[in-house]
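*Asks:* build me a model from this:
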Amino acid sequence: MADEVKIEDSILGDFKTLKGIKNDEMDDVFKIYINQAMQEVELYIGQDTLPDVLKGIITQMAEAKFTKAGSEGTASSSEEGLSYSYNSNDIEQFYPQLNRYLDNLKGSDNRGRIVTFD
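*Replies:* Residues are numbered from 1 along each chain as shown. Modelled structure (predicted):
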């Protein structure tokens, strides 16, 4: 178990790789965003621990939270012709994937199926 990498550390590594960060100076700040994202997803899916399959969603949510830092409560902004818009709810864009995960837990196993009503 000592060699087992905690999911938070794995997500932190992915997050830093995506951002091109090589040092540990901001790790504590990044971990706050990662933990916030993890708590939101855990609450939504009703589980106390996250499966590895949801790591990508957590990484993307943490990245969005980091990018939005200092602009909380702002819907959009623009500067010198460049405009930014922010989601007010970081998890909302991941509802389809999270709902698919929950459906698969219930046994629907609807991955990749096409249904037609001819």
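*Asks:* strands along the chain, start to end?
*Replies:* Ranges of strands in the chain, per DSSP state E, are 76-79, 82-85.
*Asks:* could you give the mean pLDDT of the first one?
*Replies:* Just to be clear, that refers to strand 76-79. Mean per-residue pLDDT for strand 76-79: 72.
*Asks:* so where's the protein shaky on pLDDT?
*Replies:* Applying pLDDT under 70 to the chain flags the ranges 1-5, 70-77, 84-88, 108-118.
*Asks:* and the longest helix anywhere in it, which residues are buried?
*Replies:* For the chain, the longest helix by residue count, based on DSSP state H, is helix 27-45. By neighbour count on 16 or more other Cβ atoms under 10 Å, the buried set for helix 27-45 is Phe30, Lys31, Tyr33, Ile34, Ala37, Met38, Glu40, Val41, Ile45. In this view, the C-beta of every residue, glycine as well, is placed from N, C-alpha and C.
*Asks:* by contact count, what packs against it?
*Replies:* helix 7-19, helix 55-68, helix 95-105 (3 or more Cβ pairs under 8 Å, 6 or more residues apart in numbering; DSSP states H and E).
*Asks:* can I have the first one written out in PDB, keeping just the CAs?
*Replies:* In PDB, the C-alpha atoms belonging to helix 7-19 read as follows (Å, rounded to 0.1, in the frame of the first residue of the first chain):
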ATOM      1  CA  ILE A   7      -5.800   9.800  -6.600                       C
ATOM      2  CA  GLU A   8      -5.100  13.400  -5.500                       C
ATOM      3  CA  ASP A   9      -1.400  13.000  -6.200                       C
ATOM      4  CA  SER A  10      -2.100  11.400  -9.600                       C
ATOM      5  CA  ILE A  11      -4.400  14.300 -10.500                       C
ATOM      6  CA  LEU A  12      -1.800  16.800  -9.300                       C
ATOM      7  CA  GLY A  13       0.800  15.200 -11.600                       C
ATOM      8  CA  ASP A  14      -1.600  15.400 -14.500                       C
ATOM      9  CA  PHE A  15      -2.600  19.000 -13.700                       C
ATOM     10  CA  LYS A  16       1.000  20.100 -13.600                       C
ATOM     11  CA  THR A  17       1.900  18.300 -16.800                       C
ATOM     12  CA  LEU A  18      -0.900  20.000 -18.600                       C
ATOM     13  CA  LYS A  19       0.200  23.400 -17.300                       C
END
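*Asks:* nothing else from me, thank you.
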